[in-house]
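Test case, fold it:
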Amino acid sequence: MEPLLPLGERGPIPDLRRQLDAVMWRFRTGSPWRDVPERYGSWSTVYGRFQIWATTGTFQALMEGMIAEAAARGQVDLSLVSVDSTVGRAPHHP
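Take a look at the predicted model:
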């Protein structure tokens, strides 16, 4: 996973793995950002890092890279992918 992690302007970002773990915890649990456990650091730092990653496309590239690596090892079963439609919104047409 390390080759997929982004670098800062001056090299590796401190606690980057912990921040990634925090983002993954948040999405796995569906909790609000403010409920990210303190062991991951400040929730606002984690949220800020995620916002930067999302805006620059880093988070998507990271996820795609990890999925591709796992698929190459035969450890991905895409038949288990599902979409939660309980929050899907559609325009109302009369």
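
any chance you could map the helices in this structure?
Secondary structure of the chain (DSSP state H): helices at 16-29, 43-56, 58-72.

Adding mean pLDDT and mean neighbour count as columns, could you present the ones you listed in JSON lines?
Placement of C-beta: from N, CA and C, glycine included. Below are those laid out as JSON lines (pLDDT from 0 to 100; neighbours: other C-beta atoms under 10 Å):
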{"stretch": "helix 16-29", "mean pLDDT": "88", "mean neighbour count": "16"}
{"stretch": "helix 43-56", "mean pLDDT": "90", "mean neighbour count": "15"}
{"stretch": "helix 58-72", "mean pLDDT": "85", "mean neighbour count": "13"}
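
Can you add distance to Val36 and give these back as a markdown table?
Below are these laid out as a markdown table (distance: least, C-beta to C-beta, whole Å):
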| stretch | distance to Val36 |
| --- | --- |
| helix 16-29 | 5 |
| helix 43-56 | 4 |
| helix 58-72 | 16 |
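
Quick one: closest of the ones you listed to Pro91.
Across those, Pro91 has its closest neighbour in helix 43-56 (25.0 Å, C-beta to C-beta).

Report all helices and strands that that closest one contacts.
Helix 43-56 sits against helix 16-29, helix 58-72, with contacts defined as 3 or more C-beta pairs under 8 Å, 6 or more residues apart in numbering; DSSP states H and E.
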